[in-house]
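Novice: Pasting the sequence and the predicted model now:
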Amino acid sequence: MASCYTTTVLFRIILVLLGLSDSAVLLHVQSLSFGINYGQIANNLPSPSRVSVLLQSLNVSRVKLYDADPNVLQAFANSDVDFIIGLGNEYLPNMTDPLKAQNWIQQHVTPYLSQTKISCILVGNEILSGNDTQLMSYLLTAMQSVYTALVNLGLSKQVAVTTAHSLTILGNSYPPSAGTFREDLAQYIQPLLNFHSQTKAPFLINAYPYFAYKGSPDQISFGVRALPAQLRHE
């Protein structure tokens, strides 16, 4: 749900910041560099070109896009924003076919690379957190096909291949030093880890820290003390 209104919420935050009288706040925000999820399932969203201007004015340096929307990729041409683009779960069966994987890259990635920075392709989202074992069995093969296609096209050193997991793949997550994967997922996770090791691709987790805090507010600090002094409400 959070991704559905990321951009709308971001606009509201900007309006609040612009309404503050302390110029130090704005100067500090402008000096930061950070990334966001760019969700597009919402009403009255701004156009990609407006989003591009806004994010660059805020020094947003990385964007996770849940698909490979050509309008968005074109809007960020010649910018310094680095994209992670998504290949939806519904594509996984087709992506196990190396030819279809290469066709997808040639259609959705190659045309934009000369002007838009794309550093990573997410093959599926939180597949191992569901109950579809057939989809789980497709995941690694799909990732391998996409990676092989990038190698064939000479793009494997420019674009990495990974997937995004939910924290529910962990059997134990707290404290972090005692974290372990779920034993029932070992048959999927071990080969995936081998793939990451071989390709040097990042292992990504959708952490949702707010929900962790909501579930254990007495054990997990909300982190307000870590905010810069200019941004605290004291």
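Specialist: Cool, the structure landed. Note that the structure is predicted; figures quoted are calculated from it, not measured.

Novice: For the longest strand along the chain, which strands pair with it and how are they oriented?
Specialist: Counting by DSSP state E, the longest strand found in the chain is strand 117-125. Under the criterion DSSP bridges, strand 117-125 sits next to strand 82-87 (parallel), strand 160-166 (parallel) in its sheet.

Novice: could you dump those strands to a markdown table with mean pLDDT and distance to Leu193?
Specialist: In this view, the C-beta of every residue, glycine as well, is placed from N, C-alpha and C. Below are the strands paired with strand 117-125 laid out as a markdown table (pLDDT from 0 to 100; distance: least, C-beta to C-beta, whole Å):
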| stretch | mean pLDDT | distance to Leu193 |
| --- | --- | --- |
| strand 82-87 | 96 | 20 |
| strand 160-166 | 96 | 11 |
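
Novice: before we move on, what SS does the most centrally placed residue in the chain have?
Specialist: The geometric centre of the chain, computed from its C-alpha atoms, lies nearest to Lys64 (C-alpha atoms, centre = their mean), at 3.8 Å. Using DSSP: H, G, I helix; E, B strand; the rest coil, the structure places Lys64 in strand.

Novice: Which elements pack onto the helix or strand in which Ser197 is found?
Specialist: For Ser197, the element it lies in under DSSP states H and E is helix 186-199. With contacts taken as 3 or more C-beta pairs under 8 Å, 6 or more residues apart in numbering; DSSP states H and E, helix 186-199 sits against helix 133-152, strand 160-166.

Novice: Report the inter-axis angle for the longest one versus strand 82-87.
Specialist: Taking axes from the mean of the first three to the mean of the last three C-alpha atoms, to 10 degrees, one finds helix 133-152 and strand 82-87 inclined to each other by 130 degrees.

Novice: same question, the last one
Specialist: Angle, strand 160-166 to strand 82-87, by the same axes, to 10 degrees: 70 degrees.

Novice: Report the buried residues of the very next helix or strand once past strand 160-166.
Specialist: Next along the chain after strand 160-166, taking DSSP H and E as the criterion, comes strand 170-172. For strand 170-172, the neighbour count (16 or more other C-beta atoms under 10 Å) marks Leu170 as buried.
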